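Undergrad: I need the structure of the sequence given here:
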Amino acid sequence: MAGPRLLTVPLLVAAVRVLGRLVRRLAWVGACLVALVGGLLILPKVIDWEPHKARVAEALTRAAGREVVLDGPLEITLLPQPVLVAQRIGLGNAPGATAPYLLEARRLTAALSWSALLQGRIGLDRVVVDEPRLVLEPGADGGPNWRLRLPDGSAGQEMAAPMVTITRLEIRNGQVVHATGLSGQPLEARAIDLLGSFDPRAGVLHLDGTAVVNGVPASVTLGLGTTASADAPIDLKLGVPGGRLVFVGWPGERSADDPLRGRLSVAAGFLPEFVESVTTLTGRRPMRVNEAIARSLAVSADVELAGDRLSIDDLDLTVSGDRIRGGLLVVGGETLVVSGRLIAAHLDADRWVERLQG
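TA: Just a heads-up that it's a prediction; the model follows:
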């Protein structure tokens, strides 16, 4: 019986020694992990990022094709996820424009995805832009200043843009100034609050939110296609006091060669308020409709706008219970000229004469 007991003691001693070495190694690994995590938490806070702002701004300038200015402090944290906070940022304007910046923002916060970075992609879980100010005006060539010309790569080929996915985009208390409506009149927006997302693989930007445009409160839902496709790149839903407007189509330059075109639908529960809201929002003089003429309206049509020429086809209009179909051509200028053909299966002419006279 003594033999087995004598063998057990050395085995226990050996096991204890192995366990001790394992514990020491685990403790060493744990201490390294703690030091690493502590470094990732503390170092970004103690590092002075000011000397690196110029290089960050230079890289952003190359990517945007416009000068990027970082006037405020730059903060970076790495855990629990990488977050960059830049304050007082600006994106340069087009040559010949009057304002120094196309876009300014009080603060930009970007939270990156670790999993996307490990896969070699740029994935932004959340981007928050506080108090952006967008100035829209023509440049020296007369074209819009928001068109960015990305730098070309070597061998005359376009530089490949990094694949950037934005899971959640927040725009807080933004404003747009010096823009023009469809009639060429001033258009300004304030109190812009939007939520959105962007997936470059699908090529779609989604935005949903509210704004006050030329003094008119509005809700907006926008789907914007960013890649070449046969599908309409714009899906816009606009709600204003009195009704709602939906446009699916191509924005164009509103010229003969590149007109604004698409399908337009309108549903107005209270037509006088809706007409006044839309005309004010688009920069025109507020238009007032007599409530006695019509209180409600539903219409859809194919529209094409080039300069002061508006073509309306496949018109389906329901107003105060009467349904009218057809097409119209509206030409602006010093004198407004309207021509076309309208068909109604039943129309109470006497009732409309009474309304117009009232």
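Undergrad: Looking at the chain, which strand is longest?
TA: If you go by DSSP state E, the chain has its longest strand at strand 164-180.
Undergrad: what sits up against the helix or strand that comes right after that one?
TA: Heading C-terminal from strand 164-180, the first helix or strand you meet, by DSSP states H and E, is strand 186-199. Outside strand 186-199, the residues that touch it by Cβ atoms under 8 Å, 6 or more residues apart in numbering are 132, 164-181, 204-214, 220, 226, 281-283. Just so you know, the C-beta spots here come from the backbone N, C-alpha and C atoms, and that holds for glycine as well.
Undergrad: what ranges of the protein fall below the confidence cut-off?
TA: Counting by pLDDT under 70, the chain contains low-confidence ranges at 1-50, 148-163, 180-184, 228-230, 347-358.
Undergrad: send the alpha carbons of stretch 293-304 over as PDB?
TA: In PDB, the C-alpha atoms belonging to stretch 293-304 read as follows (Å, rounded to 0.1, in the frame of the first residue of the first chain):
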ATOM      1  CA  ILE A 293     -63.700  76.900 -55.900                       C
ATOM      2  CA  ALA A 294     -62.300  73.700 -54.500                       C
ATOM      3  CA  ARG A 295     -61.500  72.400 -51.000                       C
ATOM      4  CA  SER A 296     -59.700  69.100 -52.000                       C
ATOM      5  CA  LEU A 297     -57.700  67.800 -54.900                       C
ATOM      6  CA  ALA A 298     -56.000  64.600 -56.000                       C
ATOM      7  CA  VAL A 299     -53.800  64.600 -59.100                       C
ATOM      8  CA  SER A 300     -51.100  62.500 -60.700                       C
ATOM      9  CA  ALA A 301     -49.300  63.200 -64.000                       C
ATOM     10  CA  ASP A 302     -46.000  62.800 -66.000                       C
ATOM     11  CA  VAL A 303     -44.200  66.100 -65.900                       C
ATOM     12  CA  GLU A 304     -41.300  67.600 -67.700                       C
END
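Undergrad: any chance you could map the helices in the stretch 1-150 of the chain?
TA: Secondary structure of the stretch 1-150 of the chain by DSSP state H, counting those that start in this stretch: the helices cover 2-46, 50-64, 114-118.
Undergrad: Next up, the contacts around the residue nearest to Glu131 when sequence neighbours are not counted.
TA: Using Cβ to Cβ, 6 or more residues apart in numbering and skipping the chain neighbours, the partner closest in space to Glu131 is Arg106 (4.1 Å). Neighbouring residues of Arg106 by Cβ under 8 Å, 6+ apart: Gln87, Arg88, Asp130, Glu131, Pro132.
Undergrad: repeat for Ala94
TA: Taking Cβ under 8 Å, 6+ apart as the definition, contacts of Ala94 comprise Arg66, Leu102, Gly139, Ala140, Gly143, Asn145, Arg147.
Undergrad: next one: Gly252
TA: Contact analysis of Gly252 by Cβ under 8 Å, 6+ apart lists Asp258, Pro259, Leu260, Arg261, Leu305.
Undergrad: hang on, isn't the second one packed against Asp308?
TA: Read that as Pro259. No. Using Cβ atoms under 8 Å, Pro259 is not in contact with Asp308, being 11.8 Å away.
Undergrad: Looking at those two, which is more packed in?
TA: Neighbours were counted for Pro259 and for Asp308 using other Cβ atoms under 10 Å; Pro259 has more, 21 against 13.
Undergrad: quick one: the more buried one from Asp313, how far?
TA: Per Cβ to Cβ, to the nearest Å, Pro259 is found 13 Å from Asp313.
Undergrad: Same check on Phe274?
TA: Distance, Phe274 to Asp313, by Cβ to Cβ: 22 Å.
Undergrad: The two: which is more packed in?
TA: Taking other Cβ under 10 Å, Phe274 and Asp313 do not tie; Phe274 has more neighbours (22 against 13).
Undergrad: quick one: Gly307 and Glu253 touch, right?
TA: No. At 10.0 Å, Gly307 does not count as touching Glu253 under the criterion of Cβ under 8 Å.
Undergrad: Report the contact partners of the residue lying closest to Leu236 once chain neighbours are set aside.
TA: Among residues not flanking Leu236 along the chain, Phe247 sits closest, at 4.7 Å (Cβ to Cβ, 6+ apart). Residues near Phe247 by Cβ under 8 Å, 6+ apart: Ile234, Asp235, Leu236, Leu238, Gly262, Arg263, Leu264, Ser265.
Undergrad: Skipping its backbone neighbours, what lies nearest the fifth one in space?
TA: Distances taken as Cβ to Cβ, 6+ apart place Gly249 nearest to Gly262, at 1.3 Å, with adjacent residues excluded.
Undergrad: For the one you found, give me phi and psi.
TA: Phi and psi for Gly249, reported as degrees, to the nearest 10, are phi 170, psi -150.
Undergrad: Could you give the number of residues near it?
TA: 19.
Undergrad: Which one (most neighbours) among the contacts of Arg106?
TA: Neighbour tally across the contacts of Arg106 (other Cβ under 10 Å): the maximum, 21 neighbours, falls on Pro132.
Undergrad: Would you check that that one makes contact with Val176?
TA: No. Taking contacts as Cβ under 8 Å, Pro132 lies outside contact range of Val176: 9.1 Å.
Undergrad: Just the buried residues out of the contacts of Ala94, in PyMOL syntax.
TA: Buried members of the contacts of Ala94 can be picked out in PyMOL with the line below, counting by 16 or more other Cβ atoms under 10 Å:
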select buried, resi 66+102+139+145
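Undergrad: Restricted to buried residues, select the contacts of Gly252 in ChimeraX.
TA: The ChimeraX command for the buried members of these (criterion: 16+ other Cβ under 10 Å) is given here:
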select :259,260,261,305
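Undergrad: In strands, which of the contacts of Gly252 fall?
TA: Among those, the ones falling in strands (DSSP E) are Leu260, Arg261, Leu305.
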